[in-house]
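1. Structure, please.
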Amino acid sequence: MGQESGGGGLVAYQLRIATALADPADTHPGAAITRWAIHGWAVRGLSTVAPLTTLALHRADRLEAEVRAQIALGARPQSLHAWAAAFTTRLAADPDPTVAAVATIEASVL
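-> Take a look at the predicted model:
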């Protein structure tokens, strides 16, 4: 089976799944488990690639909310580094000066 099987390809399929998972009204246990897994992957991945930003957010008790916000933006690049660059670029304008400073530094190297 290639990427195009199923009429629309892998990208279209992933978009349909992401759209379905974005609906908080969907309380099916499978959807909840998938959301939990995606969130856990995102926290671990971003903590690995953008450790200063995620540490500053953790200390401010904002990491979970900011990761949820980044996931909610959708349109994630396949590269974790590219997604972390978008995350840190967004947070470079954060009102918390510590978060903004470390996010600016990390965004410049990602």
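2. Using CSV, write down the CA coordinates of stretch 24-31.
-> As requested, the backbone C-alpha atoms of stretch 24-31 are provided in CSV (Å, rounded to 0.1, in the frame of the first residue of the first chain):
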residue,chain,number,x,y,z
PRO,A,24,-13.1,17.9,22.7
ALA,A,25,-16.8,16.7,22.5
ASP,A,26,-15.5,13.3,21.3
THR,A,27,-15.3,11.4,24.6
HIS,A,28,-14.7,8.0,23.0
PRO,A,29,-12.0,6.2,25.1
GLY,A,30,-9.9,5.6,22.0
ALA,A,31,-9.9,9.3,21.2
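3. And it, what's buried?
-> Across stretch 24-31, burial judged by 16 or more other Cβ atoms under 10 Å covers residue 31. No exception for glycine: its C-beta is placed from N, CA and C like everyone else's.
4. try stretch 85-92
-> The neighbour-count check on stretch 85-92 (16+ other Cβ under 10 Å) flags 85-88, 91-92 as buried.
5. Okay, and residue 18 sits in which element?
-> Applying DSSP states H and E as the criterion places residue 18 in helix 9-21.
6. For the top helix by length along the chain, give the mean pLDDT please.
-> Once the chain is assigned using DSSP state H, the helix that runs over the most residues is helix 29-49. Helix 29-49 shows a mean pLDDT of 86.
7. and it, what does it pack onto?
-> helix 9-21, helix 51-59, helix 63-72, helix 80-91 (3 or more Cβ pairs under 8 Å, 6 or more residues apart in numbering; DSSP states H and E).
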